[in-house]
Structure formats: structure tokens, C-alpha cells
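Enquirer: model this:
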Amino acid sequence: MTSKKAGKSVDNGVMLNAYPDSMGGTLSHIADFLKKPEMEDVFSSFYILPSIFNTDLDRGFSVIDYGLNELLADRKDMEDLKSLDIDLKLDFILNHSSVLSKPFQDILKHGEESRYRDFFIDWNKFWKGHGTMTEGGYIQPDEALIKDMFFRKPGLPILMVRLPDGKNVPYWNTFYQEVRYKEVDAWDLIQEMEIQYASAEQLAEIANKALEEGKKPSEIELGKYETYKAGLVELLESRRKYLGQMDLNIQSPLVWEHYDNTLKTLSQYGAKIVRLDAFAYAPKAPGEKNFLNDPGTWDLLKRVQDLADQYHVQLLPEIHSSYGEGTFELLSEKGYMTYDFFLPGLIIHALESGSGKHLVRWAKELREKKIKVVNMLGCHDGIPLLDLKGLIPDEEIEKLIEAVVSRGGFVKNLHGQKNVYYQVNATYYSALGEDDKKMLFARALQLFMPGKPQVWYLDLFAGKNDYEAVKRAGAAGHKEVNRTNLSRGQVEEKLGLDVVKKQIEMLRFRNSFPAFGFDSEMEIQGDGSRLEIAWKNNGYEARLKADLKTSKYEMTGTNEDGMVCFELN
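Expert: Next up, the predicted model:
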């Protein structure tokens, strides 16, 4: 049940996926859950999302450093998981770090004298000689050199950073950014400019109201106090603070020292798989694509793999791209496991259409091309749909979107571009119409498809769309629909549900039965609505018979003596 890939051995068993606070509030509560008798042999791996680290934004994907979040986990928790013989999958964000990270804060403090000055990408240094300096203090690159670049937000991906000497430097910022200005009072103004106290009080009131409305210092209208504009703007700008994720400069030796230290730390926590988040944005060069450029991306992965080999961890590069682009196959050819982002939509499509022809074709392709994947139903993001382009017709993707949205899902367009679908945010249970039969049927299909199954905790507990969480999160809170934190009491209650009990039975069978494995024999047959999948290894056989129109299934396991030792329907 293991497979050698990119030099490392990876278990084929079932993997739990959750935030450290998803089930009870802390990682120790999840460890207690996994120690329950009814959870014995159910999971062999655990993908803990990155809020387990010292992070500030995006529920963990803006990392300050890779120390454990002391509110959610400690070393004992990690040892408890090891004692259960559960390997970990942990995230490593290659492209960026938080502005609160030690290197960035050192730049804010020491400016040009900081040893980390080139740890991040100085936009003007990067584009020197390849564009025109603007009045805003940043270079506008020549159009021919950025035409193939993909920016995730409107405008250029830069954050203007003020150094201690007052100089503003643009740094490359692909993902989130926010600038905050501290409120001022009369004393602040008196210390910085010649102004009477009464006037300073009124000026501070005007300034603070404008900042609360979201205006930048230069946009504040001061009326009769306009003569103080320059001094006010300078004061506010000198005290500004930042939130965001700044792109790392992979040309810096210090960045590679950081990469090495991070992989070592993750391996010490118990990681056997390290998921590379946003890795395809890291290699950059003028005139080249800034996403999955060739050969920069592969050179980066090879160099990171060389570091990972020291610590005996398998890399899992995470990337969303359409089936038609073939990136998943290219990654496999380079020697990496890949994410099967196609399976979640394919299973919904099979259930909606009553036909498994695309699902069967995909399973056969994985086996024929020997592509090794981690597969899933739901996850911390949404249900991938852009990925299906080229695998099923566009009009059928549209029907999938309409079906999931009609059941309460939220469409996320691709970085603001209309009609370019990236994902639909919904729990998988709600996407299936909150139908227990379909949830069990979908799980059965997942477990018999090629790959290492990853199980989102909320799917296991048949979680429904959480609209209150979306409201609390505000404008960009659509992902929270599928991230509900469950209390220990709620977990106990849900363990009594039939849809949960049967999933646990399936997972234990899939995790422990010898028929399954990356290198086992697999046969899949289907005449449209009826599918039959068999796995065989060393005399053991697991078989699934499934009817897409009725959502009925029969799952059996036969031992080396030909006797049925497991049956579920």
C-alpha cells in the first residue's frame, strides 16, 4: 500500500482534512477524536490546514512563521498523532510570507540597511531597464513584457512600502494587501507641526472621520485647514501599517535558507507530504509568464525537491488549471503526485446526468498514464469547476453550476472575470441536495477511484451550507459556507447519524483492506448508469457495484481464500 514517487514512499490510505480548530476547538480535541474506538484504522494520514502555524490572514495561508499556533496546537498534540501512526500532510507556501514576518518587519525597521532588503521582490529593481518610471514612484513595465502575465487583481501587483528614511518602495504583491492608517489626536499634531490646540482637535476629527470612510491621507479634504495638509499627510504616512502577503525573491540565498529551514521544521512535526501552495507564482522573469513559467517552475520544483529529500518528505504541488491544459499530466511526468481536482465535479455530473461515461474515462486515463493523485469530494476551498474545461462540455459545466447554486452555493468568478468559473462554494452534502443516499454514493465512488482519498471533515459529518458564517465574514466570506467549526458535542451527536456511521465503515474498509494500493490491479466497467469497479492485490479483491440513477451501491471485500469478509450497501 505504498508507492515510490519522486524518491519518497507515500501511503495510499485515507487522509483526514481539517483546520486544527475544526472539531472541538484545538488540535488536541481532534487527536482525542481519532483515539476513539470507532475511529480505529479509519485514517492513516491527516492534512492539517496552515492555521496550525503562526499566521494572520486567509485562515492560515498568510504565514508569519512556521512555529505552532499556541492557541491551537503544541508539540504534545503532534506526538499524539504520531503515536496513532498517523502521518501528516502540511502546507508550505512558497510564493509569499506575511508582512508581519520577521524579514519584512526588519525591512520596515532598517530599510536599505536590512539584511532582508532583497528577501522580497523590489518591483523597481526587478523591472529596471524594462519600463517607464511613473509619478507614483513605480515602473510601468513595457506592455510586451507583461502581456503574458496573469495578475490576480486589477492593476499592477504592487504594495508601496515606506522605509524609515521616508522613501516609498514598491514590492511585488500577488495576493492580499491592505494599508491601515492610525488615528491621530491633537497631541500628535502639535508635536509634528505649528498649530494651536483647538485647531489641532478639529483637524484630528476631520482626519479620523475621513480615514474611517476609507480615504487615503492625500484624499482628505481639510477646508480652512488646507495649509496643514502636507504635515498631516506626512504624519499619517509615516505611521501606516500593512496587512498582506508579500512575494518572495527566489533569487535571494536567504529565501532558500528559509525554504530549507521550513522543510526541516515540517518534517520534525511529522509531515510525510508537504503541499506546495501557490508555488507556480514564485518563478518570475521579465517577459516570461508569472504563473507556471517554463522552465522556471520546474527548476524551482527540482531544487525544492532536493531540499525535501534530505527530510524524507513527498512534495505535492497544488495547482488549478483546466483539464485541457494538461498540467496535471506534466506534473506527473516530472515525478510528482498531483491533486485530482476533476473528481468532485465529475461525481456530481455523473449523479446529475445519470451517466458515468466521463468518470470511467477519467479513471482509465489515470491508470493508463500511471498518474498518482490525492483525490477528494469537498475541501477548504470550493468545488472546482474551471478544472473540468476540456473534460466535459462547457454547457454541462454550466448546468453543474446552476444545480449547485440552486442548492445554496456561491459562484466565485476567476479573480473578478465574469463567466470564467473557478469554483462554487458549498458543502458537498448541500451540493448533492442534502441527500444521505447521494452522499454515501459519492463517498463510495471516491474511495474506489484511483488515488489517495482525502476526506474533508465537514463532508464526513454531512455538513450543510453555513449561511450565518458567510454573513459574519462579510463581502469576501463565501468560502466560510463550508468551514463550520464543530463543537465536541456536535461531533458526538453527528457520530450517531447513519450517514456518518456508514461513511466510517467505508473509510475503514478502504484504509485497511489489502486490495487497494497505488500499484494494485484495477478494473472499471460501465454501460452508462451502471458502474462496476474492482481492485485486486495479492489475492484480495474489493468490488463496488453502483447505479447512478438510483444511488444504490454494493461494496464487498473478498479475502485470499475467496470468502466475503466485508459487505456494505
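Enquirer: Residue 237 should be in a strand, yeah?
Expert: No - judged by DSSP: H, G, I helix; E, B strand; the rest coil, residue 237 forms no part of a strand; its state is helix.
Enquirer: burial of it, as a residue count?
Expert: By other CB atoms under 10 Å, the residues close to residue 237 number 17. Using the backbone N, CA and C atoms, a C-beta is placed for each residue, glycine as well.
Enquirer: go on, the one 5 residues further on?
Expert: Residues within reach of residue 242, counting by other CB under 10 Å, total 21.
Enquirer: isn't residue 173 right up against residue 242?
Expert: No - contact between residue 173 and residue 242 fails when scored by CB atoms under 8 Å: they sit 9.6 Å apart.
Enquirer: Need the overlap of contacts for these two.
Expert: Shared contacts of residue 173 and residue 242 (CB atoms under 8 Å, 6 or more residues apart in numbering): residue 159.
Enquirer: Identify all contacting residues around stretch 31-42.
Expert: So stretch 31-42 is in contact with 14, 16, 23-24, 43, 46, 77, 80-81, 84, 86, 491, 495, 504, 507-508, 511-512, going by CB under 8 Å, 6+ apart.
Enquirer: and the residues you listed, which are buried?
Expert: 14, 16, 23-24, 43, 46, 77, 80-81, 86, 491, 495, 507-508, 511-512 (16 or more other CB atoms under 10 Å).
Enquirer: okay, among these, which ones form the most distant pair?
Expert: Greatest spacing in these, by CB to CB: 24 and 512 (25.2 Å).
Enquirer: so where is the stretch 201-350 of the chain shaky, pLDDT-wise?
Expert: Within the stretch 201-350 of the chain, no range satisfies pLDDT under 70.
Enquirer: for residue 66, phi and psi?
Expert: The phi/psi pair for residue 66 (degrees, to the nearest 10) reads phi -90, psi 20.
Enquirer: Help me confirm that it comes into contact with residue 53.
Expert: Yes - counting by CB under 8 Å, residue 66 does reach residue 53; the two are 5.1 Å apart.
Enquirer: neighbour-wise, which of the two wins?
Expert: Per other CB under 10 Å, whichever of residue 66 and residue 53 has more neighbours is residue 53, with 27 against 22.
Enquirer: contacting residues around that one?
Expert: Contact analysis of residue 53 by CB under 8 Å, 6+ apart lists 60, 63, 64, 65, 66, 67, 68, 69.
Enquirer: what's the closest of those residues to residue 403?
Expert: Among those, residue 60 lies closest to residue 403 (CB to CB), at 30.3 Å.
Enquirer: out of the contacts of residue 53, who has the most neighbours?
Expert: Neighbour max across these (other CB under 10 Å) = residue 63, 26 neighbours.
Enquirer: Show me what it is bridged to.
Expert: Beta-bridge pairing of residue 63 under DSSP bridges involves residue 55.
Enquirer: The closest residue in space to residue 183 that isn't next to it in sequence and residue 218, how far apart?
Expert: Spatial nearest neighbour of residue 183, excluding adjacent residues (CB to CB, 6 or more residues apart in numbering): residue 208 at 4.7 Å. Residue 208 is 16 Å from residue 218, where distance means CB to CB, to the nearest Å.
Enquirer: repeat for residue 24
Expert: Distance of residue 24 to residue 218, given as CB to CB: 48 Å.
Enquirer: helices or strands up against the one helix or strand residue 360 maps to?
Expert: Using DSSP states H and E, residue 360 sits in helix 357-368. Secondary-structure packing of helix 357-368 (3 or more CB pairs under 8 Å, 6 or more residues apart in numbering; DSSP states H and E): helix 343-353, strand 521-526, strand 530-537.
Enquirer: Try it again at 7 Å.
Expert: helix 343-353, strand 521-526 (3 or more CB pairs under 7 Å, 6 or more residues apart in numbering; DSSP states H and E).
Enquirer: Alright, calling it a day.
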